[in-house]
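J.: Make a model of this:
(chains A and B)
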Amino acid sequence: MTVAVIRFPGSNCEKEAIQALNKLSIPSELVDWNFNKSLDRFSGFLLPGGFSYQDRIRAGVIAAKLPLIQQLKKESTKQKPILGICNGAQILIESGLLSDGDHLEHIIDFNYVEQRSIGFLCDWSFLTPFNSTHNVFLKTLSENDILPIQVCHGEGRFIFSSSPASGLKYVSIDGDISGQFPTTPNGSTDNIAAISNKKGNALAIMPHPERSLMPSRYPFSIKAYAKKHNINLVDFTALFKAFKESSV
Amino acid sequence: MALSESDKQNIQQLLGREATAVELSIFDTMWSEHCSYKSSKPILKTLPTQGPNIMLGVGEDSGIIEFATHNGKKYGIAVSHESHNHPSQVLPVEGAATGVGGVVRDVYCMGADVIGVLDSLHFGIPEDDGYHLVNHIAEQVVKGVSDYGNPLGVPNVGGETIYHESYNENCLVNVAAIGLVREDKIIRSKVPEAAKHTPYVMILLGKTTDATGYGGASFSSTILDADDEQQNLGAVQVHDPFMKRVLVVAIDDMLTYVENAGIEIGFKDLGAGGISCATSELAVAGGFGCELNLNNVPVLDASLDPEIIACSETQERFCVVVPEDHAQAICDIFNVKHDMSALYPGAGAAVIGTVIPEPQYRIKVNGELICDLPVSAITTEVLADRSMGEKIIHRSEDTPPEGINHQEVALHMLSQLNNTQKKYVYCHYDQFVKNNGVVIPGEADACVLAPIDGASDGVAVTIDSNTYGTKDPYVSGAYAVAESIRNVIAVGADPIALTDCLNYGNPEKPDVFYDFSEGVRGIGDAARKLSTHNDVVPIISGNVSFYNESATGQAVVPSPVICCIGRMPNADAAHRMQLSHVGAHLILVGNRYHEYAETQLQSTLVAMGHSVDFSTVPQVRFEEEKAMNQAMLAVNNQQLTQAVHDISQGGVWQAAIEMLAGDRNWPFVGLQLACPETMHDTVFLFSENGGFLCEVLPQDLDACLQVFHDHGVMAQTIGITNDTQTVTIDNQHGPIFQVDVVDALQAFNAKNLATPGTPIYNEKL
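T.: Sure thing, here's the model as predicted:
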C-alpha cells in the first residue's frame, strides 16, 4: 500500500500532504510530473495544492494535459482512491477524470462575489458533506458534521452542467447552508466546495483538508465559539482513511 | 547610471586606465548607496550586532539566530529584511512581488527553508474621496505581495499597513523573510577553503538571463524623477514565482546531494548587480578570484550586450560554487530531473566560470577579456561624507485637550485608516501554506509558528513601525524596537533577535541625515536595554533605503521598520488577544503619560476639526519597559493570564476593542472599564505609552498582581468582562460613555466593510 503524491511544476503543498498521510501511518511516495514509469504499483493518488504552471490559461489546465494524467485515468478505472486538493482538484476537473462522459461536466472558475472578482482569498471556512455514502473519502462522515477547513485559492467557484454525485458544501459554523458570502467564500454554485465522480473513488476538493487534522490548532475564535454554542466540530481524519481501507 | 564624474575619475585612478563598459556597470552597482552603504555605514556600526546565540551575524544575505535543539540537532532561524520602495512606486505589482522574491532568495541561499514572510506596507492618504493613484498603488502592492508569496508556497505571517500623507508619492514596501535551517546545513556565501586544493566552478541556476532590472541598484539609490520614467520602468525587475518554486524544489534536491556527497559549496542569490555582483562577492569573500565566460550564460536574446548579461537583475537566479567533478551531477538535477528548460526556454543550470587562485575578477566573451579587475578594487570601501542638522525636540508632558467628547473621539478613532482592522489586506495572502502556523494573523500581537516537524518549539514573529519620527526621530527608532519586543512578549515568547529596515529621505540633506542617525541611535539603545536577560537583543540583519521623498523634495516621515523574533518552548501555549471569559478581570500594565504628539488621538482630533497643540511623542522609558516585559513574560509563562494584548497606537481604548473583536469579529463578552482615580480620562483611554492589557480569571488575580508587584511594575485592575453587548467606561464621578459592542466593531471594521470581498463573519455589522 503506497500512495503516490504527484508533484507538478509549481505544486507547493506536497509536504503537508505527505505529513497528513504520515500522521495516519499511510506510506507515500513523491512522484514528479515527468515520471515515466507505470503507476500500477500505487494503491492511491493524491494531487496536492499549488500553482501548477502558474495557473496560466486557467488553473490546472496545462497540468491536465501531461501524459501522467492519462495513466492516472487508467488507474481510476480500477477504483483506486484519487484525491485532488486545491490545484490538485483543479487538475482533476480539467482532466475530465471526474466526468463520466467524454465532455467536461464541471469547471472551476475565478472567485466571484456580488458581481465582482475578489481575487485570492485565504481564511478558515466550514464544510458539511452531502450524499456522503457515495464516496470512499466521505462515507464515514455524517451529513450533519461541521468540519473547519482552510480556504486558500483564487479560482474555486464550481460551475457544472450536471449535479455532482456527492461532495462537500460550505456551511456556517452554526450549520446554516444558505451559503452567502463569506460562508461560501468564492461564489461557488450550490455552495459546492468538493465534488466526486459517480463511481465515488475520486474527490476534487478546493479547501485544504490535509491542514485540518489537528483540532487543537483551529483558530482560538473558532474553538471559543464552538465551546460557547456547544458545537461539535469534526476534523478531516476520516477523509484520509480512505487511502488505508482501499489498500489491496 | 548613477556614477558621478568624480566617481569615474576615482575609478580611472584606481585602475590606472579607462574602465570598460562592463567594469563601469560593476562599479555603478557596487558603489551605489544600495550596495555600498556609503552614507550609512559609520552610523550602522553603532548598532549592537554581537550577542548571545548568534549563528551568523550581519554581513551575509541573512542573519541566523539559534532557535532550538531537536533530536540532537541544533536549528537556527535565518532572517533577511529588505525594502523595495522605488520599484513599488513605479510598477507596484512587479515592484512588490520582486521585493518578496528578493528577500526570500536571501534566506534560501543560506541553505534554509523559508517558513514565512512579513510585510510592512506604508501607503499615502488620498487628498479627496475619488479614485486616486495612491489607492491604486496600495491595491496593486497588495496584489504583488500575494502574487508572489502564494504561488511560491510561503505563508504570510504578519505585517502592518500604515497610512501617512508623506507616502503619497513614495510608498514603502518592506518585507522580512524567516527561514529554518539546521546548523550543519548552513551554507556560506563564499568560495569554500577547499577550493585551494580542488578545482571549483561557478554554476548559474535558474531563469534564463534577459535585460530586465538593468541598473536596479543605482535606480534605488537616487530620487524618483519623472524625466527618467522609461529608464526607471526598465530598472524594475520582473517576477516569476513559478520559476522560483520549481527552482526551490530543485535546490532542495541539490542540497540533499551536497550533504550526501559530503562536499563544501558556496551559494549566493543574484540580486542587485546580477551575475557580476554575485560571482565577485562569492570569490572575494572566500579570498579567491574567478574567471567567467559570458558565452556560457544561457540568455533569452543572443544580441544582449555583455554589460547587460553581466549586470541585469533577471529574477529567480542563484549562483553556486561546487567542486568541478560534481558539477555535472548538480547540473543534471536542474536540467534532467526537473527538466527546467521544458518549463522556460534556457532555464536550468550552466557552468559559467572557474575559481582561480589569483585575486583577479575576469570576464571573457568570445575569448576577449572585457573585465579584468583586481579584487581589491571591487571591495574598495567607499564612504560619503554626510552632515547632520539638529532639531529641537520636546520631551515634557503635554496638556490634555479640553472639551472633547470622548465617545465621539473613541468611535472616530477606530474607523481611522491606521486603526481599522486590516483583514482587507491580509485575506489575499496565503497565511497557512506549509501548515506550521499556530497563531495566525489577526489572532494576537505576533504570529507563532512551530516549524520543526515533531517538535513543539515556537518562533514568534512581528514587524512594527510608527510615524512618531517627524517630531522625535530617536523615539521613532526606540519605540519600533520596544513595540516589536512587546508583541513577542505578549504571546509568551522571549525576544532573541531583531532586524531593521531603515527608510528615510535624501541623506545628502542634513536634517534627513540627522533623522536617520537619531533613529539608529534609538534602535541601538532599545536593543541594548530591552532584553529580558542581562544582555542585548542583537540586530542580525538589516537594510537601509534612502531617497524616499516626494516630487517636491519632502522626505517621507522617518520610517524605521523593526522585525522581532521570539522563541518559546511550546508554541501551543501561546496567548491570543481575544477576551472570552465572562467575569474576568482586565489588568492594565504600565504607566500612562500625557504624550500625544503624532498619536492616533492627535490625528483623530485633527480629522474631527479640533485644533491641537501636542509636542511630545510617546516616550520609551527603558527601565520601566524592561521590568514590564520581564514581569509579563513571567505571568504568561505561569499561565496566570488568558488573553494578552500590547498597548500601542490608539492606547487602552483601541487595544480593548481589538480584544473584543478577535480575528473574526465574534465578540464573546461585554466590557466594563473604569478609569483609575489617579488618572485623567484622556490619558487612560488614549495614551500610547507601551503597556499591556491582560484578561485574568478571578482565581488568578492575586497571584498575577503579585508577580507585577515583585518586579516593581505598575499593574492595576481597570475592568471586568460581562455578558452584555456593551462597552461602558466609567470614572470615579460616574459614566464617561457607553457604546454597543456592535457599533464599536462596525467602526473598527470600517475599511473591511467598505472593501467588497472582505470576509466579515458578524452578521450584525
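J.: Tell me how far residue B:764 lies from residue A:229.
T.: 16 Å (Cβ to Cβ, to the nearest Å). Backbone N, C-alpha and C define where each C-beta goes, glycine included.
J.: which of these two has more neighbours?
T.: residue B:764 (13 against 9; other Cβ atoms under 10 Å in any protein chain shown).
J.: What separation is there between the more buried one and residue B:743?
T.: 10 Å.
J.: same check, this time on residue A:176
T.: 25 Å.
J.: So which of these two has more stuff around it?
T.: residue B:743 (17 against 11).
J.: Please give the number of neighbouring residues around the nearest residue to residue B:731 once chain neighbours are set aside.
T.: Spatial nearest neighbour of residue B:731, excluding adjacent residues (Cβ to Cβ, 6 or more residues apart in numbering or on different chains): residue B:675 at 4.2 Å. By other Cβ under 10 Å, 23 other residues sit near residue B:675.
J.: got any ranges where chain A has weak pLDDT?
T.: A:101-103, A:246-248 (pLDDT under 70).
J.: Report the spatially nearest residue to residue B:359, omitting neighbours in sequence.
T.: Nearest residue to residue B:359 in three dimensions, chain neighbours excluded: residue B:375, at 4.1 Å (Cβ to Cβ, 6+ apart).
J.: pretty sure that neighbour contacts residue B:362?
T.: No - the criterion here is Cβ atoms under 8 Å, and residue B:375 misses it with residue B:362 at 10.5 Å.
J.: hey, what's in contact with both of these two?
T.: Shared contacts of residue B:375 and residue B:362, defined by Cβ atoms under 8 Å, 6 or more residues apart in numbering or on different chains, are found at residue B:289.
J.: residues near residue B:298, how many?
T.: Counted with other Cβ under 10 Å, residue B:298 comes out at 17.
J.: Likewise for residue A:114?
T.: Counted with other Cβ under 10 Å, residue A:114 comes out at 10.
J.: check contacts around it.
T.: A:181, B:756, B:757.
J.: For residue B:504, give its distance to residue B:544.
T.: 8 Å.
J.: joint contacts of the two?
T.: Joint contacts of residue B:504 and residue B:544 (Cβ under 8 Å, 6+ apart) are residue B:516.
J.: the more surrounded of the two?
T.: residue B:504 (29 against 22).
J.: From residue A:141, how far out is the residue nearest to that one when sequence neighbours are not counted?
T.: Spatially, and ignoring its direct neighbours in sequence, residue B:504 is nearest to residue B:516 (4.6 Å; Cβ to Cβ, 6+ apart). To residue A:141, residue B:516 is 59 Å away according to Cβ to Cβ.
J.: What count of nearby residues applies to the residue in chain A that chain B sits nearest to?
T.: Ranked by Cβ to the nearest Cβ, the top residue of chain A for proximity to chain B is residue A:12, at 2.6 Å. Neighbours of residue A:12 under the rule other Cβ under 10 Å: 27.
J.: Ok, the one 10 residues further on next?
T.: Each residue near residue A:22 was counted by other Cβ under 10 Å, and the total is 12.
J.: Please identify the buried residues of the helix or strand hosting it?
T.: Using DSSP states H and E, residue A:22 falls within helix A:14-23. Neighbour-count burial for helix A:14-23 flags A:14, A:15, A:16, A:17, A:18, A:19, A:20, A:21 (criterion: 16 or more other Cβ atoms under 10 Å in any protein chain shown).
J.: what sits up against it?
T.: By Cβ under 8 Å, 6+ apart, helix A:14-23 touches A:3, A:5, A:7, A:27-28, A:30, A:46, A:48-50, A:85, A:208-211, A:213, A:240, A:243, B:433-435, B:453.
J.: And the strands in chain A?
T.: Shown for chain A, the strands assigned by DSSP state E span residues A:3-7, A:28-32, A:44-47, A:82-85, A:106-109, A:112-113, A:116-117, A:121-130, A:147-153, A:157-160, A:167-170, A:192-196, A:202-205.
J.: Can you give the strand pairings for the longest one, parallel or anti for each?
T.: Spelled out, that is strand A:121-130. Strand A:121-130 has its sheet partners listed here by DSSP bridges as strand A:147-153 (antiparallel), strand A:167-170 (antiparallel).
J.: what about the nearest residue to residue B:83 once chain neighbours are set aside, neighbour count?
T.: Using Cβ to Cβ, 6+ apart and skipping residues adjacent in sequence, the residue nearest residue B:83 is residue B:545, 3.9 Å away. By the criterion of other Cβ under 10 Å, residue B:545 has 26 neighbours.
J.: Look at residue B:545 and report its pLDDT.
T.: As predicted, residue B:545 sits at a pLDDT of 94.
J.: Can you give me the separation between it and residue B:118?
T.: 17 Å.
J.: How about the contacts made by the residue minimising distance to the centre of chain A?
T.: Centroid-nearest residue in chain A, with Cα atoms, centre = their mean: residue A:205, separated by 1.9 Å. With contact set as Cβ under 8 Å, 6+ apart, residue A:205 has these partners: A:83, A:84, A:85, A:86, A:89, A:167, A:168, A:193, A:194.
J.: With adjacent residues omitted, what lies nearest to the third one?
T.: Among residues not flanking residue A:85 along the chain, residue A:49 sits closest, at 5.1 Å (Cβ to Cβ, 6+ apart).
J.: before we move on, what about the first one?
T.: Counting by Cβ to Cβ, 6+ apart, residue A:83 lies nearest to residue A:46, which is 5.0 Å off, once chain neighbours are set aside.
J.: Settle this for me: the one you found is touching residue A:28, isn't it.
T.: Yes - here residue A:46 lies in contact with residue A:28, judged by Cβ under 8 Å, at a distance of 7.4 Å.
J.: Quick check: residues of the stretch 501-650 of chain B near chain A?
T.: B:572, B:576, B:578, B:580 (Cβ under 8 Å from any Cβ of the partner chain).
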